[in-house]
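1. The sequence isn't on hand, but the structure is:
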């Protein structure tokens, strides 16, 4: 069968981002609209991590994975 893809409209995406910024992050609506998208998404990610809704991403280096002397 065909695979169903759930697409979210731009309007719904901006509504959610506005909600996150105003309600959950405590920013003024005007401030959220003027904030660079990357900054808003970074703050939203930090909020989720702080409240246990997401795990902190871990950055690994090659030295962490492959031991010295191989």
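-> Here it is on my side, so go on. This is a predicted model, so every value here is computed, not measured.
2. so who does residue 32 touch?
-> 17-18, 21-22, 25, 40 (Cβ atoms under 8 Å, 6 or more residues apart in numbering). For glycine as for every other residue, the C-beta is placed from the backbone atoms N, C-alpha and C.
3. which ones among those are found in helices?
-> Counted as lying in helices by DSSP state H, out of the contacts of residue 32, are 17-18, 40.
4. and which of the residues you listed is nearest to residue 61?
-> Distance ranking of the ones in helices among the contacts of residue 32 against residue 61, using Cβ to Cβ, places residue 40 first at 29.2 Å.
5. For that closest one, which residues are in contact?
-> Applying Cβ under 8 Å, 6+ apart, the residues contacting residue 40 are 17, 20-21, 32.
6. Out of those residues, grab the one that's most surrounded.
-> Tallying neighbours with other Cβ atoms under 10 Å puts residue 21 at the head of the contacts of residue 40, with 21 neighbours.
7. excluding its backbone neighbours, what's nearest it?
-> residue 32 (3.4 Å; Cβ to Cβ, 6 or more residues apart in numbering).
8. tell me which element the spatially most central residue of the chain is part of?
-> Nearest to the mean C-alpha position of the chain, counting by Cα atoms, centre = their mean, stands residue 45 at 4.0 Å. Here residue 45 sits within helix 37-50, counting by DSSP states H and E.
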